[in-house]
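Asker: Build the 3D model from these lines:
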Amino acid sequence: MASFTMDNTSTISHKIKVKRKQMGITQEELARKADIPYTTLVKIETGAVKSPSVDTVNKIACALDTTIDELIVNINMKKRKPSVVSLFSGCGGMDLGFYLEGFNVVWANDYNHEACNTYKQFFGDHIVEGDINKVDIKSIPRNADVVIGGFPCQDFSMLWKRGGITTERGNLFKSFSKIVEHVNPKVFVAENVKGILTANDGKAIKSIVEEFSKINGGYKVSVNLINFADYGVSQLRERVLIIGVKNSLNHEFKKPKPTHVGKHVSSKEALKGVEKVPYNNEHQNIAHGTIEKLKIIPPGGNFTDIPKNSPHYVKGMISHVYRRLHPDKPSTTIIASGGGGTWGYHFSEPRPLTNRERARLFGYPDDFVFTGSMTEARRQIGNSVPPAGIRPWAKAIKKFLID
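Answerer: Purely as a prediction, here's the structure:
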């Protein structure tokens, strides 16, 4: 169980005692309200307990109508890892970016069984599998430094008919905001597709910003349209990052500057040596006709490159099918599902990409293994946030928290 160090105890003890006296309550009353043993509280206030658990201090903070951060305000952030609560975690793409920058993910959730298995395999057992609306909100740790998540984006996507914020899945952002209100983080990060900016004639994003501006004393919200290719991902993937910072912090969050504008990572560079990776590298069986189509399409091309007089031309096909990588450019956007022609195709071989190649184009390390079938692994990767692209944002947020 996580606990505070001996160096922190005197600060916590003093602040608990001061806050309790300000509220005019006795030790017995505070212990009862916090649902902890009276003797434990006495030992904490006197400093007899050298390493009080985070859970116990959190209970005391809630009973005092304050936050755990207020009780440890004088503790240097550099001495502890900033904590994260992760929602709609999937296989853990966004979590990985924060993990690699030294954050401690203390709780996560997703409803997809195989995604949770993948997550557990790499990060551990702190992910809770199930519908976020059925999770007991009291079981979610309060006062984490950051809440992150990509609430489901299908209803905002420009690829499909949009219901946007009026649909049940669109309203899952309400679940996100409810948990942000409960956890009371300093910062939250929500990722979504570009289509959220125009969903419901722009009303969706306006409602989302207004929602977050009202809870916990209000968050200053910035809506950032970015291309992950500009942050080192070998994929042209435009996404929206909605970042909220508590108004009470009175400190400006500085967005990270793009690191790869004009020098994008090419697909050839990203896939170098990938054939040697033993995990998720199975080749898909495809029809002979598909192979012949791909032989006609040049690297960087798509179905529209097939001549209309070719026996492999099909009237009505759209340009985003049978897209082949260009060796000297990033991939186009990798999607999570779809039928024939949507798998993404290699630049030098007439075949679909393997899931390991897809993972490389997101910036996953080769030892990050996806569980489940090939289709399920594809879904996990395609639905995830590129860890390499979110990492500069995690680094900037950590700097903000430390400063």
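Asker: end to end, how far does stretch 212-221 reach?
Answerer: By C-alpha to C-alpha, to the nearest Å, the extent of stretch 212-221 from end to end equals 7 Å.
Asker: whoops, I mixed them up, stretch 345-360
Answerer: So stretch 345-360: terminal residues 14 Å apart, C-alpha to C-alpha.
Asker: got the contact list for that stretch?
Answerer: 234, 267-268, 270-271, 274, 277, 279-284, 286, 291-292, 294-295, 297, 299-300, 322-327, 334, 343-344, 361, 366, 368, 370, 374, 377-378, 381-382 (C-beta atoms under 8 Å, 6 or more residues apart in numbering). (Each C-beta comes from the backbone N, C-alpha and C, glycine too.)
Asker: ok, of those residues, which come out buried?
Answerer: Listed as buried from these are 234, 267-268, 270-271, 274, 277, 280, 286, 294, 297, 299-300, 322-326, 334, 343-344, 361, 366, 368, 370, 374, 377-378, 381-382; burial here means 16 or more other C-beta atoms under 10 Å.
Asker: out of those, which are inside helices?
Answerer: Among the buried ones among the contacts of stretch 345-360, DSSP state H puts Ser267, Lys268, Ala270, Leu294, Leu361, Met374, Ala377, Arg378, Ile381, Gly382 in helices.
Asker: Among the residues you listed, pick out the one closest to Ile16, please.
Answerer: Ranked by distance to Ile16 (C-beta to C-beta), these are led by Ile381 at 46.2 Å.
Asker: how close does the closest one sit to Leu30?
Answerer: For Ile381, the distance to Leu30 equals 49 Å [C-beta to C-beta, to the nearest Å].
Asker: now do Ile335
Answerer: Per C-beta to C-beta, Ile335 is found 53 Å from Leu30.
Asker: These two: who's more crowded?
Answerer: The residue with more neighbours, out of Ile335 and Leu30, is Leu30; 21 against 18, by other C-beta atoms under 10 Å.
Asker: For that one, which non-adjacent residue is closest in space?
Answerer: Arg20 (5.3 Å; C-beta to C-beta, 6 or more residues apart in numbering).
Asker: How about the contacts made by the one you found?
Answerer: Taking C-beta under 8 Å, 6+ apart, we find Arg20 in contact with Gln27, Leu30, Glu45, Leu64.
Asker: can you redo those residues as a markdown table with distance to Thr56, pLDDT and secondary structure?
Answerer: Output for the contacts of Arg20, formatted as a markdown table (distance: C-beta to C-beta, whole Å; pLDDT from 0 to 100; DSSP: H, G, I helix; E, B strand; the rest coil):
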| residue | distance to Thr56 | pLDDT | secondary structure |
| --- | --- | --- | --- |
| Gln27 | 14 | 92 | helix |
| Leu30 | 12 | 93 | helix |
| Glu45 | 12 | 87 | helix |
| Leu64 | 13 | 88 | coil |
